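> What follows is a predicted structure for the sequence shown.
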Amino acid sequence: MLDRPEGSASAQSNRNLSKRPCCIISELMFDDTELVLDGVVRWMLTDRALFREATRFILKRKGDQVRLRVLGEVYPAVILGTSSEGYTLSFNTPVPADSVEDLVSGHLTDE
Amino acid sequence: MTQSNSRRQGDSRATIYTQLLKSLGVIAALGGLFYYQYEFIHSAIFAQPVLNLAILATFGFGTLTALISITHLFGEDRAMQAMKETWADFDEMERSDDHAGVKRLMRTAEPAKVFELPRIMGPVYEIVMSELLKTRALRVSLGQRNSMLAMINEGINREKSLVNYITGILILMGLIGTFIGLMEMVASVGGIVGGLAKVGAGSEEAIRNVIRDLEAPLTGMATGFSASLFGLFGSLSLGLIARFGQSATTSIKRDFEAWLSRISSVEAQGKSAGAGVGASDGTTLALAGSLLGAFRTTQGLITRSAEVMKRLGERQETQTDVLTRLVEQVETLSMRQSHTLSQLKRVDLIGDVLDGMREEAILRDRAASNRLADGIGRIAQVVDESRANVYEAVQEVAEQQRGTDRLARTLELQTTRGLEAIALELTTISAAGNERGRIYTEHHSEVEKLIRTSMRPLDVRTIADQLGASVDERLAAGFGAVAASFDESLARLVNGLDRLGQTQAELADRLLAVDAATTPAEEMRAFGQNIEHGIANGLSEIARVLEGVLAEKSQQLRNDAVAAQKETSSDSSLTEGFGVDQAVTDAIIERFRRKTRASRTAP
């Protein structure tokens, strides 16, 4: 699943990026409840990301307004869905491709 | 403790499985009974098919609801396991001094189990997880504990209320069938008794009629019995299934209560001496633990309040400094505004000066124009004078030329006359020669000498040269006068032009100076640019100062928030994702890579 190529027709720059498996320690902050979940980002594109909470049990969420904090940078997003891999996030504002490349390339889990 | 938790988690899940299997066993037994007594049940159902099928459908709906409620308990169990796991993680992180939570983060390499927000444990889950994730600890007071247990009880009652209602509905429907059957029976018995009274009880026909009419009350009895049978049996069966579900729910509730009491006890034992409480039984110990936890929470709150007040005081000092800086900046701004105002006043003065200079320029322009006209008039006068001088010189040259002509003619005339006089003299001499021939002979040598002298040719060329030289001299003198007059005129003309050029250059310089110095548009534009530049600098300075103040303020608030958050999380510091050590990140990434390699090498 993590190696699945990007097939959505979202951002133009995403065509040059792929869901490369990475491990970026991050936090997911919920705007309404001020809840903060710790975990890692498993892949990241300019408009989407997969956040895996650091627990064996994940509460199913959808449509929650959140903020993803990655290495000090905060990206507002909304939860698209929940799977056993984690929360799929959709960024409210696309993240620059250079930033995504810098973040992902420094934390790749595939050699 | 982790093993104990796992065992307890397994017990809870096993209890749910057990109760679910029991419920399914009840349903299977009902199915077997239906199969075994098919004929009887079939006839019973069709004694009053509408009502009995309605009862069976209600029973089926209740059973399905009960089974779904039991399966939902797995979600409740997962929610509770999530709470237990999170608390155990943070407890272990605190005890093992693993503030980064490496072990916790390592779980992200494995697929998770997704569960929906449970109906019964949902509110408690949100409260507990919020407290755990914010403070990395769980301090539950006695009131909070009772409140959470009340929430769970409320959820349990809400879940079982529908099944209990359906159970009652089944009994009601059975009673309704019973009443319907009784009414049919009573009505038919009344008809039988009435028939016997008319015909007579002893006749054979009356007996046949009674036997025939007894079918109706028996049918009514069948209706009543069948409805009562299905209603009561369905209610009992559904009640049994609900009881199994209740047992599973109760097991989860007890599990949660035990966990809550245990962590309260652990908190109390870890933070205070609980020797006196240790002798009590479990409930007293849990109560004492809760009380100690509440006391500790209160103490911590008081301590945090004091710290917060202290920080507020420090923050107040910082705010005072910031406000002082702001006041200084405002004063600076006021000074700059005063400076700008003075500059504006200077602009007004400059405007007045510009008006004066403009008027002066106009006057100078007029004066220059007058001078120019004067110079041009002078030049014209000089040119006229020069022209007159040249004319006079030309006339003088012409006069001299005429004099030269007259001189030449006079010279020619004189030469002619001289030659004639010479010829006459020669004639006279010739006449006298004869005379003198005679005398020649006498004075031969003298005469001969005289003749040779007389016969010597006249040096006309020399005379002409001398005449030419004289003419040249006079012409030269005349032309020199003309040339001198020309030169003088030209010199005066050149001088006049030079003076005109100098006047024009001076005028042009003055005009340029006036233009350069008194161009209102350019000067006003330049002044406007200066004002704009000054205002822009001032606004930029203000914005920079305000940004600095706001940034400092936000940083201070952020620091306070972080400090407060650290304070509320007991001694353990919050491990922010971006604050995790690089070694931890590398370790987790290496773990992911090992997992990836293992998955690739696996067949």
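Yep, that arrived. All values derive from a computational prediction rather than experimental measurement.
> middle-most residue in chain A, spatially?
Nearest to the geometric centre of chain A sits A:Ala49, at 2.3 Å (Cα atoms, centre = their mean).
> Please name the nearest non-neighbouring residue to it.
Nearest non-adjacent residue to A:Ala49, counting by Cβ to Cβ, 6 or more residues apart in numbering or on different chains: A:Leu89, 4.8 Å away. The C-beta positions use only the backbone N, C-alpha and C, and glycine is treated the same way.
> how about the one you found, phi and psi?
phi -110, psi 150 (degrees, to the nearest 10).
> So what's the residue count around it?
25 (other Cβ atoms under 10 Å in any protein chain shown).
> what about the helices in chain A?
A:97-105 (DSSP state H).
> Sketch out the low-pLDDT regions of it for me.
A:1-17, A:111 (pLDDT under 70).
> For it, which residues are neighbours of chain B?
A:21, A:23, A:25-27, A:33-40, A:42, A:52-60, A:69-72, A:82-86, A:107-111 (Cβ under 8 Å from any Cβ of the partner chain).
> quick one, domains of chain B?
B:2-266, B:352-536 (automatic domain parsing).
> in the chain, which spans are strands?
No chain specified, so I'll use chain A. Ranges of strands within chain A are A:24-30, A:36-44, A:48-53, A:57-59, A:65-70, A:73-83, A:86-91, based on DSSP state E.
> Chain B was what I was after
Secondary structure of chain B (DSSP E): strands at B:113-115.
> what's the weakest-modelled helix or strand in it?
Least confident helix or strand of chain B, by mean pLDDT, DSSP states H and E, is helix B:275-278 with a mean of 41.
> residues in contact with the residue nearest to the centre of chain A?
A:Val41, A:Trp43, A:Leu68, A:Tyr75, A:Ala77, A:Thr88, A:Leu89, A:Phe91 (Cβ atoms under 8 Å, 6 or more residues apart in numbering or on different chains).
> of those residues, closest to B:Ser334?
A:Tyr75 (42.3 Å; Cβ to Cβ).
> hang on, the closest one packs against A:Phe51?
No. A:Tyr75 lies out of contact with A:Phe51 (Cβ atoms under 8 Å); the separation is 10.6 Å.
> Next, count neighbours for B:Leu240.
With other Cβ under 10 Å as criterion, B:Leu240 counts 18.
> swap in B:Arg346?
12.
> same check, this time on B:Glu110
The burial count for B:Glu110: 11, using other Cβ under 10 Å.
> Okay, it and chain A: tell me how far apart.
Computed as Cβ to the nearest Cβ, to the nearest Å, the B:Glu110 to chain A distance reads 7 Å.
> of the residues of chain A next to chain B, buried ones?
A:21, A:23, A:25-27, A:35-40, A:42, A:52-59, A:69-71, A:82, A:85-86, A:107, A:109 (16 or more other Cβ atoms under 10 Å in any protein chain shown).
> hmm, back to that, which residues are in contact with each of A:Tyr75 and A:Phe51?
A:Leu68.
> Compare those two (neighbour count), which wins?
A side-by-side neighbour count of A:Tyr75 and A:Phe51, using other Cβ under 10 Å, places A:Phe51 first with 26 against 19.
> which ones are touching the residue nearest to A:Ala49?
A:Leu28, A:Arg48, A:Ala49, A:Leu50, A:Phe51, A:Val66, A:Leu68, A:Ala77, A:Val78, A:Ile79, A:Leu80.
> neighbours of the residue lying closest to the last one once chain neighbours are set aside, just the number please.
In space, A:Leu80 comes closest to A:Thr88 once its chain neighbours are excluded; the distance is 4.5 Å by Cβ to Cβ, 6+ apart. Taking other Cβ under 10 Å as the criterion, the count of residues near A:Thr88 is 18.
> Noted, bye for now.
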